[in-house]
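**Student:** Below: sequence and its predicted model.
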Protein chains: 2
Amino acid sequence: MNVTIAGHTRYYRSVAFDARKNEVVLIDQRLLPHRFKLLRTRDYRQTAAAIRDMAVRGAPAIAATAAYGLAQAARAFRGTSLSRFEAHMARAFDTLRSARPTAVDPLNALTEVMRASDAGHTVAERQALALAAAEEFAQKSVEDCRAIGRHGLPLIQDGMRILTHCNAGWLACVDIGTATAPLYAAHAAGIRFHVYCSETRPRCQGASLTAWELAHQGISHQVIADNAAGYLMQQGAIDLVIVGSDRVIARTGEVTNKIGTYTKAVLANRHRIPFYVAVPLSTLDWELESARQITIEQRDEAEVLGAWGIEWDPVRARPKRGARHVYVRVANPASTALNPAFDVTPPELVTGIITPRGIFRPTELWQRRSELGPGHE
Amino acid sequence: MNVTIAGHTRYYRSVAFDARKNEVVLIDQRLLPHRFKLLRTRDYRQTAAAIRDMAVRGAPAIAATAAYGLAQAARAFRGTSLSRFEAHMARAFDTLRSARPTAVDPLNALTEVMRASDAGHTVAERQALALAAAEEFAQKSVEDCRAIGRHGLPLIQDGMRILTHCNAGWLACVDIGTATAPLYAAHAAGIRFHVYCSETRPRCQGASLTAWELAHQGISHQVIADNAAGYLMQQGAIDLVIVGSDRVIARTGEVTNKIGTYTKAVLANRHRIPFYVAVPLSTLDWELESARQITIEQRDEAEVLGAWGIEWDPVRARPKRGARHVYVRVANPASTALNPAFDVTPPELVTGIITPRGIFRPTELWQRRSELGPGHE
């Protein structure tokens, strides 16, 4: 998407590859929204570190980064020995996979690149095939998001007020995003609407990343406390909710997503507001019987007990002179916290799942498994 | 309640009066939870400033502060002229009332002290009567909270996990608190339970003040993101919700309280978890036909776009050397926010209203107006 810095607008992907320098080029998301800076990794170990240190986040973006990282490893190999090349690739594969071991998307991406590369008869062929596969993986990811936007576009009408949660935007993907795809499609189509970004404590991806994205596209939006969504719905001020998902259980239609998603779904249901979930097909889980089999990640207490931000002068509405990005403790110093990272929204609260193949009721996914299931992406 | 600082435990009220020095003694709540410091006001103007600058907060606490402030003004008067005394008192009354002009409790408190004082025949008598009335007002407020605790105690059983929102604790009252009163009564009775303090963005009174209160009483508790309440209820990990209220519409049973209360009530209702609201009788509004007549205060965007806290070293789990209390911007700098301060919970979501006279269904209040209504406090 376009990013405007100091009056200059340029097109970026959150993950890209510089073939000439053999570098993966990432937007360093740890510095957003306060600073826009590209991070170039010079070898696959640096690429793995960027994944591990969360310079890049979001399942599709991490997957593309891992894919490019493996192509980068292939192209860095010097020599013609296939057995040595294979040993080198196996090491790179393991290093990139273990950078974020619980995510399934990077593993799939790495497997795809590895398979494509294996078809080559020489090291040079394998190197070229690896890069082509990584580029194809990233491009497919972009096309999927574009298709989500196309299918979601009819949901958005002029004058609508739309609630989002967390960031399932282009930063989390390679481009366009999932939950944001219908918004960007509608904006491009000249439809006027307003977005409420729920801040998404504790890590505040809504306030920082989604708001940053929408601001750069010139889309009307406001940040709200997570607590304010219910009030706005009571006032009739929200017409539609669109969120992303980390994993949709295809068998049941259950949606796992950032903590607080369930709450928004319960509120939307009470107020009869349509609640949509936008995902690429890779987010559909065809294995699990139920979301009860998922262990909800419990994250560091510090996230709940404080906040990260830039030292700010509220009167002049700008960063303080020489401001640093700091962590402040908000909560009582002697208290502890509980920090579940995800929750599960049951299918009866979900109006529809927006996929690259169309919008489906959550319970419809399993019926259409021959069409949407693995091997049919 | 008792406060333990550096191993020393002492009993405090959030608002007290030092008759010898003619000073109102407040716990400066702007410095909590990071620093415990008393604020002594030397005249009624300083007392009004403490109210205006939010050194003291919570309707009952502000009301008691205003009452003491008027007594302080009376006792500072030098001379015997009743007409001059009356002019002086009228000025003090206006100054104290306008320190927080929308609140109804301080106005009631000031009126009570003024009426009591007016019964005196001399300046000296009026001065004494004013102080006696202020002390009586504060003591009555404490007795009300104690009665709320007595009536709420049977709701709390051994092993329960209880959710609170915001701070309706002793800091917001003179002592004991409203929503916290049943908790303190149960703790004193030896009942074991665990409290989840929802952090209550944007101002985080749950994470900072309620957690601070519970820690000083040795009550088991954890801070959670507001987003996590739904998840915990799904897990069967919450047995009871108790919150306070800024205003209960007696005619309808609607509960206005800190933003996010409605969300908790909707979630509790879905999971069939009892949802109680604890209030003194002064919080019951017998005038309004409906909560729709209330204008919801929209507060400063900065609250939502950032956070206040103390610079903290997360690794060593302590404040940084020379740490200051700072405001950090979390949200995208180019974005704006919407910040409604309160919401309204409809009576069908409220299991009961815990008052000093017992627990009532929200729709029962109006039927019992002859017993609970104005003039029967």
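**Tutor:** All right, it came through fine.
**Student:** rest of the way, CA atoms for contacts and neighbours
**Tutor:** OK.
**Student:** For the stretch 151-300 of chain A, what lies in contact range of chain B?
**Tutor:** Contact residues, the stretch 151-300 of chain A versus chain B (C-alpha under 8 Å from any C-alpha of the partner chain): A:199-202, A:204, A:207-209, A:211-212, A:215, A:221-228, A:230-231, A:259-263, A:266-267.
**Student:** what about the residue in the stretch 51-200 of chain A that chain B sits nearest to, how many neighbours?
**Tutor:** In the stretch 51-200 of chain A, the residue that lies nearest chain B is A:Thr200 (7.5 Å; C-alpha to the nearest C-alpha). Applying other C-alpha atoms under 10 Å in any protein chain shown, we find 27 residues neighbouring A:Thr200.
**Student:** Pretty sure A:Glu135 sits in a helix.
**Tutor:** Yes: using DSSP: H, G, I helix; E, B strand; the rest coil, the assignment for A:Glu135 is a helix.
**Student:** Isn't it up against A:Tyr68?
**Tutor:** Yes: the pair A:Glu135 / A:Tyr68 is scored as a contact, 7.5 Å apart, by C-alpha atoms under 8 Å.
**Student:** Between the two, point out the one with more neighbours.
**Tutor:** Of the pair A:Glu135 and A:Tyr68, A:Tyr68 is the one with more neighbours under other C-alpha under 10 Å, namely 33 against 19.
**Student:** which element is the more buried one on?
**Tutor:** helix A:59-76 (DSSP states H and E).
**Student:** Tell me the buried residues in that helix?
**Tutor:** The neighbour-count check on helix A:59-76 (16 or more other C-alpha atoms under 10 Å in any protein chain shown) flags A:59-75 as buried.
**Student:** again with stretch A:19-28
**Tutor:** A:Asn22, A:Glu23, A:Val24, A:Val25, A:Leu26, A:Ile27, A:Asp28.
**Student:** One more: stretch A:210-223?
**Tutor:** Residues of stretch A:210-223 classed as buried under the neighbour-count rule (16+ other C-alpha under 10 Å) are A:210-217, A:219-223.
**Student:** farthest pair in those residues?
**Tutor:** Across those, no pair lies farther apart than A:Gln217 and A:Val223, at 15.6 Å, counting by C-alpha to C-alpha.
**Student:** which residues of the stretch 201-350 of chain A fall in helices?
**Tutor:** Taking DSSP state H, counting those that start in this stretch as the test, the helices found in the stretch 201-350 of chain A are A:205, A:211-217, A:229-234, A:261-270, A:302-305.
**Student:** and the last one, anywhere near chain B?
**Tutor:** When you say that, I think you mean helix A:302-305. Yes: for a cut-off given as C-alpha under 8 Å from any C-alpha, helix A:302-305 has contacts with chain B, namely A:Ala302, A:Val304, A:Leu305.
**Student:** I'd like these as CSV, with neighbour count and pLDDT appended.
**Tutor:** Converted to CSV, the residues of helix A:302-305 next to chain B look like this (neighbours: other C-alpha atoms under 10 Å in any protein chain shown; pLDDT from 0 to 100):
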residue, neighbour count, pLDDT
A:Ala302, 21, 95
A:Val304, 26, 98
A:Leu305, 28, 97
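**Student:** partners of the helix or strand of chain A with the lowest mean pLDDT in the sheet?
**Tutor:** None of the helices or strands of chain A scores lower by mean pLDDT, DSSP states H and E than strand A:318-319, at a mean of 91. The partner list of strand A:318-319 in its sheet, established with DSSP bridges, is strand A:306-313 (antiparallel).
**Student:** Show the end-to-end separation of stretch A:318-331, please.
**Tutor:** Using C-alpha to C-alpha, to the nearest Å, one end of stretch A:318-331 lies 25 Å from the other.
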